[in-house]
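>>> here is a sequence with its predicted model. Questions after.
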Amino acid sequence: MSFTLTTPITGTAQTGLTSPTFTIAADTAPTNSGKQYAVTALGGTQTGVDTSSTPSKPFTITLSRPANLLTVAALDPVTGYLKKINRNKYVILTRKGVLPLAGQPAAVMFVRSEIDVPAGADLADAPNVRAALSMHIGAMNGISASIGDSAVTGVI
């Protein structure tokens with residue numbers, strides 16, 4: 001699996017965080033088709049932010065692929081078109097324990113990106129698969145602080 005993160009991860013701009021970095025260590029993924037890393041140390045100014053300290057307050061990122069990769073489905077013998085489009089779903093999931101109310105136990109926040117690639121596009125149209133990912137990740141990186149502000153204020 002080519003999903004590999006190097007440590008530290010340089011965070012993107014967020015209101016209240018200055019030059020955030022996240023030191024990670026390999027962790028145990030929930031399935032054999034994934035890799036997981038836990039945040040073990042923080043850099044920059046991140047007042048009030050915790051590392052992955054307890055099972056109830058995790059700070060992890062999991063990268064996974066389908067357990068069984070699908071290939072292109074058979075063509076319809078009458079029409080010559082694909083009867084079905086098989087899909088391979090890749091998931092990047094960040095888990096972070098957060099407090100829903102001061103003095104209460106932590107609840108887990110989930111940040112998930114799913115990449116749903118039609119089987120066969122990896123071979124037949126790799127440049128456009130890569131372009132979609134490039135634009136998506138670039139857009140999220142460019143509006144990181146706005147996404148954070150929206151998640152906190154509820155305003156888009």
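Looks like it arrived, so ask away.
>>> please name the nearest non-neighbouring residue to the residue positioned nearest the centre of the chain.
The C-alpha lying nearest the average C-alpha coordinate of the chain belongs to Ile92 (Cα atoms, centre = their mean; 2.6 Å). By the measure of Cβ to Cβ, 6 or more residues apart in numbering, the closest residue to Ile92 outside its immediate chain neighbours is Ser113, 4.6 Å from it. For every residue, glycine as well, the C-beta is placed using N, CA and C.
>>> so which other helices or strands are in contact with the helix or strand hosting that neighbour?
When elements are defined using DSSP states H and E, Ser113 is found to belong to strand 107-118. The elements that strand 107-118 packs onto, with contact taken as 3 or more Cβ pairs under 8 Å, 6 or more residues apart in numbering; DSSP states H and E, are strand 87-98, helix 126-142.
>>> which helices and strands sit right next to the last one?
Using 3+ Cβ pairs under 8 Å, 6+ apart as the contact test, the elements touching helix 126-142 are strand 107-118, helix 121-124.
>>> next, the buried residues of it.
Buried positions in helix 126-142, judged by neighbour count with 16 or more other Cβ atoms under 10 Å: Val129.
>>> distance from it to the middle of the chain?
Using Cα atoms, centre = their mean, to the nearest Å, we find the averaged C-alpha position of helix 126-142 to lie 14 Å away from the chain's own average C-alpha position.
>>> can you check the first one too?
From the chain centre to the centre of strand 87-98 is a distance of 5 Å (Cα atoms, centre = their mean).
>>> and stretch 99-116, how far apart are its ends?
Separation of the first and last residues of stretch 99-116 by Cα to Cα, to the nearest Å is 32 Å.
>>> residues contacting that stretch, please?
Stretch 99-116 is touched from outside by 56-58, 87-98, 133, 136, 140, with contacts defined as Cβ atoms under 8 Å, 6 or more residues apart in numbering.
>>> pLDDT below threshold where in the chain?
1 (pLDDT under 70).
>>> relative to its centre, which residue of it is most distant?
Summary for the chain: using Cα atoms, centre = their mean, the residue whose C-alpha lies farthest from the chain's mean C-alpha position is Val78, with a distance of 40.8 Å.
>>> which residues does the closest residue to Ala67 other than its chain neighbours contact?
Nearest non-adjacent residue to Ala67, counting by Cβ to Cβ, 6+ apart: Ser33, 4.6 Å away. Taking Cβ under 8 Å, 6+ apart, we find Ser33 in contact with 1, 64-67.
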